[in-house]
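1. Here's a sequence, model it:
(chains A, B, C and D)
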Protein chains: 2
Amino acid sequence: MIEPTQTVSDRPHRTQTERRQATRQALVEAALLRIQAGENFDTLSLRSLSKAAGVVPAAFYRHFDSLEDLGMALMDDSFRALRAMLRDARRRDPKEAIPASISSLTEHVQANRPHFAFIAQARSSGSPRLRATYHAEIRLIVSELATDLARFPHMSKWSAADLQMVSSLIVNSMISTTEAILETRENDVAGRTAIAKTAEHQLRLVMIGVPQWRSATATEDPA
Amino acid sequence: MIEPTQTVSDRPHRTQTERRQATRQALVEAALLRIQAGENFDTLSLRSLSKAAGVVPAAFYRHFDSLEDLGMALMDDSFRALRAMLRDARRRDPKEAIPASISSLTEHVQANRPHFAFIAQARSSGSPRLRATYHAEIRLIVSELATDLARFPHMSKWSAADLQMVSSLIVNSMISTTEAILETRENDVAGRTAIAKTAEHQLRLVMIGVPQWRSATATEDPA
DNA sequence: GAAGATAGTGAACACTCGTACACACAGTGA
DNA sequence: TCACTGTGTGTACGAGTGTTCACTATCTTC
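-> Alright, predicted model coming up:
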């Protein structure tokens, strides 16, 4: 069932640009709402989104060339939210980097469920463009984390490849944690704290191995 | 464009059950082909699959109640392939468990690309039934790995929660590795060996931390 | 206040979609 | 051989799809 969202056009805005931004936002939010409800972005239709936004199908083209174009706009918004989370995580106490990062993650995911759900879907979207953007962004995040890690005492001398290796392990773990959080029901706080606890332990376990990494495997690559 | 696959009905089979199985298989394989080509299962249509299988749309219902029903059948096939991989990995030399598991993974994924791609899609499918099945199967695999790990010397005394924690970390890493392999082009052997190498290092790193796990964190939980 | 730009309208187009039903026709078992 | 069963056919229906185009109404600029 499509909920009869209140229209945008019937409450007139003063300026034209305000009006424009309002319907554009209504289209974007209609998409996010459906995604949060469990629908896949690939199955959304231009018509149904327009109807939910209180606008006629043809009006869609005043704002986006196609559904994929709207998807790209959604990607921008969603990765902006993700980057805000990363900035927040970095700002916190580096002595408690692990629990700080985890709680930053859970808070931001919880506060931006539909955006993170959209990102999760983009990973294996039917649109090559969305998929490519997703992977490019993730790769960037992995690299940024790698340079962060290089500042840690035990890893300052690590090779770029090893840094990337640890970094991607951590990012993958965080992505899985994110998806686990998204699967919890809105009111299941206990479930989310359990997930956070597990994620914290996983990060700890990984970091325990770090100090002995190359010494333990030095035999394999004499370079 | 939909490729004009050769029909099934025009080359008559002797027995009726043979004929039945042939078209059923043609429907399933049409779906796998589209998935391998990068399409999302959620966007497949009953009509296009029927056409690709060389059969009229109504005939679809002789084999499946709905597209979701076909999806469930695909899940069976795909997780059968996944379990075969796990059995294969377990059969190999436990002294070299890590490289053995990784090469088993890469081989099986490469040999069953569409099935693994379908599983990857199921993770955030629009169909709640497919999603639920996916997560149930993965949870099962995590638990099985946990009991396997309990047989390792350092982990025999571990709590169930800790075993699950390590196990899910490993499984998540393997899932990410799988998806990375699926993104490589068919002829990019070098790319896949690089991915395998990284995955191997990640598993090693995790296992390095294992012997010191609880001793390193014993302060937090005095139970 | 007139002239111009533009967000949103409404109708029409040429599809594709899932589903239904009577029907044909080939293997099956007596 | 004959009636039975069941796979696949052909056609039709209603609904939903993306896209187009001339239009209206409103805000903007002079």
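
2. Break down chain A into its helices, ranges please.
-> Counting by DSSP state H, chain A has helices at residues A:16-36, A:46-52, A:67-91, A:97-111, A:113-122, A:128-149, A:160-183, A:189-209, A:213-217.

3. Just confirm yes or no for the third one near DNA strand D.
-> Yes. Counting by Cβ under 7 Å from any atom of the strand, contacts between helix A:67-91 and DNA strand D involve residue A:67. Where C-beta positions appear, they are placed from N, C-alpha and C, glycine not excepted.

4. And that helix, what's buried?
-> Neighbour-count burial for helix A:67-91 flags A:67-68, A:70-75, A:78-79, A:81-82, A:85-86, A:88-89 (criterion: 16 or more other Cβ atoms under 10 Å in any protein chain shown).

5. Now the two most distant members of the residues you listed.
-> A:67 and A:89 (32.5 Å; Cβ to Cβ).

6. how about stretch A:154-167, does it get close to chain B?
-> Yes. Interface with chain B: stretch A:154-167 contributes A:162, A:164, A:165, A:166 (Cβ under 8 Å from any Cβ of the partner chain).

7. likewise stretch A:84-99?
-> No. Stretch A:84-99 stays clear of chain B (Cβ under 8 Å from any Cβ), getting no nearer than 10.5 Å.

8. coming back round to it: can I get the helices of chain A in a markdown table with distance to residue B:149 and mean pLDDT?
-> Formatted as a markdown table, those follow (distance: least, Cβ to Cβ, whole Å; pLDDT from 0 to 100):
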| stretch | distance to residue B:149 | mean pLDDT |
| --- | --- | --- |
| helix A:16-36 | 36 | 96 |
| helix A:46-52 | 47 | 98 |
| helix A:67-91 | 30 | 98 |
| helix A:97-111 | 22 | 98 |
| helix A:113-122 | 28 | 98 |
| helix A:128-149 | 26 | 98 |
| helix A:160-183 | 17 | 98 |
| helix A:189-209 | 12 | 98 |
| helix A:213-217 | 19 | 76 |
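
9. out of the ones you listed, which comes closest to residue B:107?
-> Evaluated over the helices of chain A, closeness to residue B:107 peaks at helix A:160-183, with 21.4 Å, by Cβ to Cβ.

10. Around DNA strand C, pick out the residues from chain A.
-> A:7-9, A:16, A:19-20, A:22-23, A:54-59, A:62-63.

11. Give me the buried subset of those residues.
-> Among those, those classed as buried by neighbour count (16+ other Cβ under 10 Å) are A:8, A:23, A:54, A:55, A:63.

12. can you tell me which residues contact residue A:178?
-> Counting by Cβ atoms under 8 Å, 6 or more residues apart in numbering or on different chains, residue A:178 touches A:105, A:109, A:116, A:120.

13. Need phi/psi at residue A:65.
-> The phi/psi pair for residue A:65 (degrees, to the nearest 10) reads phi -70, psi -30.

14. Tell me how chain A divides into domains.
-> Under the assignment automatic domain parsing, the domains of chain A span A:16-62, A:70-213.

15. Check the offset of the last one from the chain's centre.
-> Mean-position distance between domain A:70-213 and its chain equals 8 Å (Cα atoms, centre = their mean, to the nearest Å).

16. Show me what counts as buried in stretch A:172-189.
-> A:172, A:173, A:174, A:175, A:176, A:177, A:178, A:179, A:180, A:181, A:182, A:184.

17. Could you measure from the closest residue to the fifth one other than its chain neighbours over to residue B:178?
-> Spatially, and ignoring its direct neighbours in sequence, residue A:176 is nearest to residue B:172 (4.2 Å; Cβ to Cβ, 6 or more residues apart in numbering or on different chains). In this structure, residue B:172 and residue B:178 are 11 Å apart, going by Cβ to Cβ, to the nearest Å.

18. now do residue A:175
-> Counting by Cβ to Cβ - residue A:175 and residue B:178 are separated by 14 Å.

19. just residue A:128 next, same as before
-> Counting by Cβ to Cβ - residue A:128 and residue B:178 are separated by 19 Å.

20. Quick check: chain neighbours aside, which residue is closest to the residue nearest to the spatial centre of chain A?
-> Nearest to the geometric centre of chain A sits residue A:116, at 4.1 Å (Cα atoms, centre = their mean). Spatial nearest neighbour of residue A:116, chain neighbours left out: residue A:109 (5.0 Å); criterion: Cβ to Cβ, 6+ apart.

21. Name all residues that make contact with the one you found.
-> A:85, A:116, A:178, A:181, A:182.

22. Try it again at 10 Å.
-> A:81-82, A:85, A:115-117, A:174, A:177-182, A:184, A:192 (Cβ atoms under 10 Å, 6 or more residues apart in numbering or on different chains).

23. for residue A:170, same thing?
-> A:98, A:101, A:142, A:145, A:146, A:149, A:202, A:203, A:206, A:207, B:202.

24. my read: the first one touches residue A:174, true?
-> No. Residue A:98 lies out of contact with residue A:174 (Cβ atoms under 10 Å); the separation is 11.2 Å.

25. intersection of neighbour lists for the two?
-> Contacts common to residue A:98 and residue A:174, judged by Cβ under 10 Å, 6+ apart, are A:199, A:202, A:203.

26. Just give me the closest of these to chain B.
-> Of all these, chain B sits closest to residue A:202, with 4.5 Å by Cβ to the nearest Cβ.

27. Quick check: closest non-adjacent residue to residue A:59.
-> Per Cβ to Cβ, 6+ apart, closest to residue A:59 is residue A:50, 6.5 Å.

28. so what's that neighbour up against?
-> Per Cβ under 10 Å, 6+ apart, neighbours of residue A:50: A:23, A:26, A:27, A:30, A:56, A:57, A:58, A:59, A:60, A:61.

29. Okay, it and chain B: tell me how far apart.
-> Plainly put, residue A:50 is 19 Å away from chain B if you go by Cβ to the nearest Cβ, to the nearest Å.

30. and the residue nearest to the centre of chain A, what is it in contact with?
-> Counting by Cβ under 10 Å, 6+ apart, residue A:116 has contacts A:35-36, A:78, A:81-82, A:85, A:105, A:108-110, A:175, A:178-179, A:181-182.

31. Quick one: residues contacting the spatially closest residue to residue A:182 that is not a sequence neighbour.
-> In this structure, residue A:182 finds its nearest non-sequential neighbour in residue A:117, 5.4 Å apart by Cβ to Cβ, 6+ apart. Residue A:117 is in contact with A:32, A:35-39, A:41, A:78, A:109, A:178-179, A:182-183, B:124, counting by Cβ under 10 Å, 6+ apart.

32. same deal with residue A:134?
-> Contacts of residue A:134 by Cβ under 10 Å, 6+ apart are A:75, A:78, A:79, A:118, A:119, A:120, A:121, A:122, A:123, A:124, A:125.

33. need the residues you listed in JSON lines with distance to residue B:155, can you?
-> Shown next, in JSON lines, are the contacts of residue A:134 (distance: Cβ to Cβ, whole Å):
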{"residue": "A:75", "distance to residue B:155": "41"}
{"residue": "A:78", "distance to residue B:155": "38"}
{"residue": "A:79", "distance to residue B:155": "38"}
{"residue": "A:118", "distance to residue B:155": "38"}
{"residue": "A:119", "distance to residue B:155": "34"}
{"residue": "A:120", "distance to residue B:155": "31"}
{"residue": "A:121", "distance to residue B:155": "36"}
{"residue": "A:122", "distance to residue B:155": "36"}
{"residue": "A:123", "distance to residue B:155": "31"}
{"residue": "A:124", "distance to residue B:155": "33"}
{"residue": "A:125", "distance to residue B:155": "38"}
